[in-house]
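Participant: 3D model of this:
(one chain, ligands or ions: 1)
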Amino acid sequence: MASYDVIVIGSGPGGYVSAIRCAQLGFKTACVEGSDTLGGTCLNVGCIPSKALLHASHQLHEAEHNFAKMGLISDKPVVDWQKMQNYKTEVIDGNTKGIEFLFKKNKIDWLKGWASIPAAGQVLVGDKTHSSKHIIIATGSEPSVLPGIDIDEKNIVTSTGALTLGEIPAKMIVIGAGVIGLELGSVYARLGSDVEVIEFLDEITPGLDAEVQKAFQRILKKQGLKFIMGAAVKSVTVKNGKATVSYTKLKKDTKHQAQADVVLVATGRKPFVDGLGLETLGVALTDRGQIQTNANYVTSVPGVYAIGDAITGPMLAHKAEDEGIAVAEILAGQAGHVNYGVIPGVIYTHPEVASVGQTEEQLKAAGLNYKVGKFAFMGNGRAKANFAADGFVKILADAVTDRILGAHIIGPMAGDLIHEVCVAMEFGAAAEDLARTCHAHPTYSEAVREAALACGVGAIHI
Ligand code: NAI
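Facilitator: As a prediction, the model looks like this:
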């Protein structure tokens, strides 16, 4: 029986990052992973492979729509789907092997197999029980599938199956206009599929700033995605390789059907805690199946901690990473902490959508006195040169103190631009602090500065 200071269960971004920080802080650390490769959902069947397909399909879009405008004349590129899949696999391999290297470098033992926790201080992997002072559960999440739908990962797929389809479908129906549905829907629309999105609510991407939601949907429609809004999918059946989706339009209470070659079910995710033995151990869950923790990530069982998608909060790789670092620091007696008010969210479509802090709707609901600074990428020279002038930056600041309360960006590289606002918010900056910071010209980041200027004396290029 091996003995450790910390055993982390799960090697996704929460787990592997936590294991590395634990090892760096001097703990004898192991990480349990039952899959063949390290990296969890994010590296194997989530963030990384979907970004590879988004990147490849965006290049196709550029070649089809913008090359000729710049004097680059060539035949329309042909999509070799198998080669695109190989490229995606190489990207995954490079990343997962990178984690293996980091584990070796930091002397972290990879315990191969699926873990359960028979008692505090013990982790069972296969037929071996390992002891550990601290156990960190970082088991992530899995797709949450609607009742009445049987996933076969061929005609009815989750995000996992959508990454490895045998061929590009002529017609795809996406259930759910959330992050997964719109990212993967964009991929297949660019590759030539007729993509129709069926969404329960009247707006896409629940929780985003309403102005961004509207602009985003308008842009996606222009790119060819179709939307059926305010419609609840009830069931999906498959016959002779064709899927039939039955849905109800909520306002009129009318029943409809639609057919597709592939149906992507992207209706959210739920914590993955099966097989850990939490019930016997006495680890308390919320009514949504998340592991309950206190502010120090301790579960209801002392010595057992939990982080990432398995606990409350947004299901984001970077939120899990930050919690993984924080819990390691707490175990080492340091002041590990995550600022949940400044966690950016990014949708990697084109244009990208990024947000941090509060939306205008949240500020209104809280009765706060705020001001809005907005700047359209239309006024940004770099964006215009790059055919990327769709979208805007919106900064929300306190009307009296000018402190930045939130930022919402739809536009080129939004997922990178958002971070200067994140840093500013961490320092409690005012919009004027951003506005007075020199931004290199010509960069997309000038649009962020202009939005900050618009909170005060006014933007220049408008
Ligand atoms: P989501 O929660 O973002 O969106 C699900 C959508 O499905 C909602 O708009 C909901 O109203 C709709 N829906 C639910 N039931 C329905 C029904 N019966 N008929 C029609 N529509 C229905 O979930 P999603 O996109 O599956 O993503 C899961 C999680 O993974 C999210 O927390 C997301 O943040 C995370 N994620 C983050 C990424 C990123 O940061 N770029 C990428 C992929 C996933």
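
Participant: what about this structure, any weak spots by pLDDT?
Facilitator: Where the chain drops to pLDDT under 70, the residues are 1.

Participant: now for whichever residue of it sits closest to the ligand: which residues touch it?
Facilitator: Per Cβ to the nearest ligand atom, the residue of the chain with the smallest distance to the ligand is G178, at 1.9 Å. Quick note: C-beta positions are derived from backbone N, CA and C, even for glycine. G178 makes contact with I204, T205, P206, A266, T267, G268, according to Cβ atoms under 8 Å, 6 or more residues apart in numbering.

Participant: cool, and Q362?
Facilitator: Q362 neighbours (Cβ under 8 Å, 6+ apart): G406.

Participant: and it, which of the three is it?
Facilitator: Secondary structure for Q362, judged by DSSP: H, G, I helix; E, B strand; the rest coil, is helix.

Participant: likewise the one 10 residues further on?
Facilitator: When classified by three-state DSSP, V372 comes out as strand.

Participant: and the closest residue to it other than its chain neighbours, what are its bridge partners?
Facilitator: Excluding its sequence neighbours, the residue lying closest to V372 (Cβ to Cβ, 6 or more residues apart in numbering) is L396, at 6.0 Å. According to DSSP bridges, the partner residues bridging L396 are V372, G406.

Participant: quick one: neighbours of L396, just the number.
Facilitator: Using other Cβ atoms under 10 Å, L396 has 26 other residues around it.

Participant: also G15?
Facilitator: Residues near G15, counting by other Cβ under 10 Å: 30.

Participant: likewise G148?
Facilitator: By other Cβ under 10 Å, 11 other residues sit near G148.

Participant: likewise G303?
Facilitator: Around G303 there are 15 other residues, counting by other Cβ under 10 Å.

Participant: L165 too?
Facilitator: Residues near L165, counting by other Cβ under 10 Å, number 21.

Participant: please list all residues in contact with it.
Facilitator: Neighbours of L165 in contact, by Cβ under 8 Å, 6+ apart: V157, V262.

Participant: how far off centre is stretch 9-16?
Facilitator: The chain centre lies 16 Å from the centre of stretch 9-16; the measure is Cα atoms, centre = their mean, to the nearest Å.

Participant: that one and the ligand, are they touching?
Facilitator: No. Using Cβ under 6 Å from any ligand atom, stretch 9-16 never reaches the ligand; the gap is at least 11.2 Å.

Participant: next one: G391 from D152, what distance?
Facilitator: Using Cβ to Cβ, to the nearest Å, we find G391 at a distance of 37 Å from D152.

Participant: neighbour count winner among these two?
Facilitator: G391 (24 against 10).

Participant: what sits closest to the more buried one if chain neighbours are left out?
Facilitator: Per Cβ to Cβ, 6+ apart, closest to G391 is G411, 3.3 Å.

Participant: swap in A189?
Facilitator: V195 (4.4 Å).

Participant: burial check on that neighbour, number of neighbours?
Facilitator: Neighbours of V195 under the rule other Cβ under 10 Å: 29.

Participant: get me the contact residues on this structure for the ligand.
Facilitator: Residues of the chain found near the ligand (Cβ under 6 Å from any ligand atom) are 146, 175-181, 183, 198-201, 206, 232-233, 266-269, 315-316, 346-348.

Participant: in PyMOL, how would I select the buried members of those?
Facilitator: A single PyMOL command selects the buried members of the residues of the chain next to the ligand (16 or more other Cβ atoms under 10 Å):
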select buried, resi 175+176+177+178+179+180+181+183+198+199+200+201+233+266+267+268+269+315+316+346+347+348
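
Participant: restricted to strands, list the residues of the chain next to the ligand.
Facilitator: I175, I198, A232, V233, R269, V346, I347 (DSSP state E).

Participant: and the residue of the chain closest to the ligand, how far from V233?
Facilitator: Per Cβ to Cβ, G178 is found 13 Å from V233.

Participant: which neighbours do the two share?
Facilitator: T267.

Participant: hmm, back to that, what bridges to the residue nearest to A189?
Facilitator: Beta-bridge pairing for V195 (DSSP bridges): M172.

Participant: is it correct that it is in contact with Y188?
Facilitator: Yes. Between V195 and Y188 there is a contact under Cβ atoms under 8 Å: 5.5 Å.

Participant: any shared contact partners between these two?
Facilitator: The contact lists of V195 and Y188 share M172, where a contact means Cβ under 8 Å, 6+ apart.

Participant: which residues of the stretch 351-462 of the chain fall in helices?
Facilitator: Assigned by DSSP state H, counting those that start in this stretch, the helices in the stretch 351-462 of the chain fall at 360-365, 381-385, 414-426, 431-435, 446-454.

Participant: same list (these) but as a markdown table, adding distance to S35.
Facilitator: A markdown table is the format used below for the helices of the stretch 351-462 of the chain (distance: least, Cβ to Cβ, whole Å):
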| stretch | distance to S35 |
| --- | --- |
| helix 360-365 | 38 |
| helix 381-385 | 41 |
| helix 414-426 | 27 |
| helix 431-435 | 42 |
| helix 446-454 | 39 |
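
Participant: and those helices, which is most packed in?
Facilitator: For the helices of the stretch 351-462 of the chain, the largest average neighbour count (mean count of other Cβ atoms under 10 Å) is found in helix 446-454, namely a mean of 27.

Participant: residues contacting that helix, please?
Facilitator: Here helix 446-454 has contacts from 372-377, 379-383, 392-395, 404, 407, 409, 411, 417, 420-421, 431-435, 437, 439-440, 459-462, using Cβ under 8 Å, 6+ apart.

Participant: same thing but 7 Å
Facilitator: Residues from elsewhere that reach helix 446-454 (Cβ atoms under 7 Å, 6 or more residues apart in numbering): 373-375, 377, 379-380, 393-395, 411, 417, 420-421, 431, 434-435, 437, 439, 459-461.

Participant: what subset of those is buried?
Facilitator: For the contacts of helix 446-454, buried by 16+ other Cβ under 10 Å: 373-375, 377, 379-380, 393-395, 411, 417, 420-421, 431, 434-435, 439, 459.

Participant: what's the end-to-end length of stretch 216-227?
Facilitator: Stretch 216-227 stretches 12 Å from its first residue to its last (Cα to Cα, to the nearest Å).

Participant: with stretch 261-281 instead?
Facilitator: Across stretch 261-281, the terminal residues are separated by 44 Å (Cα to Cα).

Participant: pull out the buried positions in that stretch.
Facilitator: 261-273, 276-278, 281.

Participant: among those residues, name the ones in helices.
Facilitator: Among the buried residues of stretch 261-281, the ones falling in helices (DSSP state H) are L278, L281.

Participant: would you map out the domains in this structure?
Facilitator: The record's domain parsing of the chain by automatic domain parsing lists 3-143+270-338, 156-267, 342-454.

Participant: ends of the longest one, how far apart?
Facilitator: Between the start and the finish of domain 3-143+270-338 there is a gap of 29 Å, counting by Cα to Cα.

Participant: how far does that domain sit from the chain's center?
Facilitator: Its chain's average C-alpha position is 13 Å from that of domain 3-143+270-338, according to Cα atoms, centre = their mean.
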